[in-house]
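Q: please work out how this folds:
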Amino acid sequence: MDPTLIDAERYPLLTDAGRATLRRLRQHPQAPRFNYQAGERLSAEGLVRVRAFDARLQTDQPQWRPGERPPWVRPFVLRCLEVVPHYRRWACPADTFLSLPTVTRDDLARAPWEFVPDGLPLADLITYPTSGATGHPLLVVSHPEASALYMPLLRRALSVHGVSLEGGPGQVVVALVGFQRRTYTFTSVCSLLGEAGFVKLNLHPDDWSHPDDRARYLDDLAPEVYSGDPITFRELARLPLTARPKALVSTAMTLLPGLRSELEARFDCPVIDLYSLTEAGPVAVATPRGHEVLSPDLYVEILRPEGTPCDPGERGEITLTGGRNPFLPLLRYRTGDWAALDFSGSVPTLVGLEGRPPTVFRTASGEPINNIDVTWALRPLPLSRFALHQAADNSLTLRVRRDEAPDQALRQALGELFGPSLPLRILDLPDPPEGKLVQYTRSPEASP
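A: Sure thing, here's the model as predicted:
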């Protein structure tokens, strides 16, 4: 976002009420030091389309059956093959969907401009950098309406759990919180929800005049929902907050049930796990059955490493087609995340969702153990994050926050899985983290 723009340019629909909300968020006596300028840049016509999408999500569900695709996929593919430079080079017929090549994050990182369709007005194009746990940093090209559609998708995810997101003038609808050494922080308003406030904050004390200001500011704002990752929520739970949100929405990392239970007891509200990608926005929300796909404009495949489709219930790589970003249409985009796809009738659900390909560990006797089994073994413990590495001699190194669970409980959980004779080192993780964490790794030369 251009820092030289004024609020009237960042928010074409801004009213006096919205201007007052921005002023309150920025000039509050306990406000942190904001380091970024953001804005919706949403036109009146764009707001109409956002409202229509919001209404559609309240009535439409994604629906298809195994081996089938929604009817909108074929015309979408035809258009991509015609007007998107990267896809046009494939020279494939749209009728043979399964013969189309796949796209990876590396493709997007190498030449993001090749995914911008011909003929789109570039005045609305916005870019922002991101990086993942693995792979190259990614420059995402996007559109103001694509960003504004996050809120309808969040409302849909919350409604699955019986939570409503209301907003309104003077209210704060979402506080997106982080706990990092450095991150972008800013204020905004949401036109869809009556110019309710939105704030992105860093809970690290260095971003505040005084550490106590964090709780005072957040209590006064009383956001309807907090969004963040398990690491941040652990820090949020330490603050003496008295205002109660409607929900906590966890993203970006695995949320273990032990920590979920602690957070639900601390904040007296549901803690909801949302699967979301920078490239695609919110994809699915956790339910007792798995992660329910949220939007009818996204088609999900599960592929084996060689690219063939998995059977229902078979775990593979989550692959996306469609989306709502006009500057980044996704055609068979391999996310790098893994799950199985199950169906309740024709409603798709991701089962066993975990980021990154599966890592196969070995017991002392050489028996294979999938990383999902490790996650299940650690489920009862209130860990905000952890990383397990197996060396070439099969010894294990577990990195955790040492104050979140006693060593004895950690050793017992992994000892029951790997066997008590396998050497295990337990090391501390820095807090806040230096960067994103790759959760499961194994030396390639480890014993077969």
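
Q: C-alpha only now, for contacts and for neighbours.
A: OK.

Q: for stretch 396-412, buried residues please.
A: Judged by neighbour count (16 or more other C-alpha atoms under 10 Å), stretch 396-412 contains these buried residues: 396, 397, 398, 399, 400, 401, 410, 411.

Q: which of those residues fall in helices?
A: Of the buried residues of stretch 396-412, the ones assigned to helices by DSSP state H are 410, 411.

Q: can you lay out the buried residues of stretch 396-412 as CSV showing distance to residue 279 and pLDDT?
A: What follows is the buried residues of stretch 396-412, written out as CSV (distance: C-alpha to C-alpha, whole Å; pLDDT from 0 to 100):
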residue, distance to residue 279, pLDDT
396, 34, 96
397, 32, 96
398, 31, 95
399, 29, 93
400, 29, 91
401, 30, 86
410, 35, 94
411, 38, 94
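
Q: tabulate the buried residues of stretch 396-412 in JSON lines, adding columns for distance to residue 18.
A: Shown next, in JSON lines, are the buried residues of stretch 396-412 (distance: C-alpha to C-alpha, whole Å):
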{"residue": "396", "distance to residue 18": "53"}
{"residue": "397", "distance to residue 18": "51"}
{"residue": "398", "distance to residue 18": "48"}
{"residue": "399", "distance to residue 18": "45"}
{"residue": "400", "distance to residue 18": "43"}
{"residue": "401", "distance to residue 18": "41"}
{"residue": "410", "distance to residue 18": "49"}
{"residue": "411", "distance to residue 18": "53"}
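
Q: got the end-to-end distance for stretch 269-282?
A: Using C-alpha to C-alpha, to the nearest Å, one end of stretch 269-282 lies 21 Å from the other.

Q: if we can go back for a sec, so which of the buried residues of stretch 396-412 comes closest to residue 257?
A: Each of those was scored against residue 257 by C-alpha to C-alpha, and residue 410 proved nearest at 15.3 Å.

Q: let me see the confidence value for the spatially closest residue to the closest one that is not a sequence neighbour.
A: Leaving out its chain neighbours, the residue that sits closest to residue 410 by C-alpha to C-alpha, 6 or more residues apart in numbering is residue 378, at 7.6 Å. In this model, residue 378 is scored at 88, pLDDT.

Q: and for residue 119?
A: pLDDT, read off for residue 119, is 91.

Q: what is the neighbour count of it?
A: When neighbours are defined as other C-alpha atoms under 10 Å, residue 119 has 8 of them.

Q: quick check, nearest of the buried residues of stretch 396-412 to residue 227?
A: Proximity of the buried residues of stretch 396-412 to residue 227 was ranked by C-alpha to C-alpha; the top entry is residue 401 with 21.3 Å.

Q: ok, so what distance separates that closest one from residue 178?
A: Residue 401 sits 17 Å away from residue 178, going by C-alpha to C-alpha.

Q: now residue 219
A: When distance is defined by C-alpha to C-alpha, residue 219 is 17 Å away from residue 178.

Q: of the two, which one has the most company?
A: More neighbours surround residue 178 than the other of residue 219 and residue 178, with 25 against 16 (other C-alpha under 10 Å).

Q: wait, isn't the more buried one in contact with residue 207?
A: No: counting by C-alpha atoms under 8 Å, residue 178 does not reach residue 207; the two are 11.2 Å apart.

Q: re earlier: burial of the residue nearest to residue 410, as a residue count?
A: 19.

Q: helices or strands next to the strand or helix carrying residue 156 in the packing?
A: In the assignment (DSSP states H and E), residue 156 maps to helix 150-160. In terms of contacts (3 or more C-alpha pairs under 8 Å, 6 or more residues apart in numbering; DSSP states H and E), helix 150-160 is packed against helix 44-57, strand 281-287.

Q: residue 186 is nearest to which of those?
A: Nearest to residue 186, of those and by C-alpha to C-alpha, is strand 281-287 at 19.3 Å.

Q: residue boundaries of the helices in the stretch 201-350 of the chain?
A: For the stretch 201-350 of the chain, the helices defined by DSSP state H, counting those that start in this stretch cover 213-221, 230-238, 257-267.

Q: who touches the second one?
A: If I follow you right, that is helix 230-238. 177-179, 203, 250-251, 253-255, 259, 263, 266-267, 384-385 (C-alpha atoms under 8 Å, 6 or more residues apart in numbering).

Q: could you do the first one as well?
A: By C-alpha under 8 Å, 6+ apart, the residues outside helix 213-221 that reach it are 28, 30-32, 171-172, 203, 208, 239-243.

Q: go on, the last one?
A: Where contact means C-alpha under 8 Å, 6+ apart, the residues beyond helix 257-267 that reach it are 230, 233-234, 237, 244-245, 270-271, 379-384.

Q: rerun that using 7 Å as the cut-off
A: For helix 257-267, the surrounding residues in contact (C-alpha atoms under 7 Å, 6 or more residues apart in numbering) are 237, 244, 270, 271, 379, 380, 381, 382, 383, 384.

Q: residues contacting the fifth one?
A: Read it as residue 379. 256, 257, 258.

Q: pLDDT wise, what is the second one at?
A: Same thing as residue 257. On pLDDT, residue 257 comes in at 86.

Q: run a quick neighbour tally on it.
A: Neighbourhood size, residue 257 [other C-alpha under 10 Å]: 17.

Q: and the first one, by the same measure?
A: Other residues within reach of residue 256 by the criterion other C-alpha under 10 Å amount to 20.

Q: for it, which non-adjacent residue is closest in space?
A: Excluding its sequence neighbours, the residue lying closest to residue 256 (C-alpha to C-alpha, 6+ apart) is residue 379, at 5.2 Å.

Q: list the buried ones in stretch 41-60?
A: 41, 42, 47, 50, 51, 54, 57.

Q: could you check how far the fifth one is from residue 60?
A: When C-alpha to C-alpha is the yardstick, residue 51 and residue 60 sit 14 Å from each other.

Q: the fourth one too?
A: In this structure, residue 50 and residue 60 are 15 Å apart, going by C-alpha to C-alpha.

Q: how about residue 340, what does it touch?
A: Residue 340 sits next to 302, 312, 313, 314, 315, 316, 350, 351, 352 when contact means C-alpha under 7 Å, 6+ apart.

Q: please name the residues that touch residue 145.
A: Residues in contact with residue 145 (C-alpha under 7 Å, 6+ apart) are 42, 46.

Q: just the C-alpha atoms of the helix or strand where it lies, please, in CSV.
A: Per DSSP H and E: residue 145 is located in helix 144-148. Taking Å, rounded to 0.1, in the frame of the first residue of the first chain, the C-alpha atoms of helix 144-148 are listed here in CSV:
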residue,chain,number,x,y,z
PRO,A,144,-9.0,-4.7,-3.4
GLU,A,145,-12.2,-6.8,-3.8
ALA,A,146,-10.2,-10.0,-3.2
SER,A,147,-9.0,-8.6,0.1
ALA,A,148,-12.5,-7.4,1.1
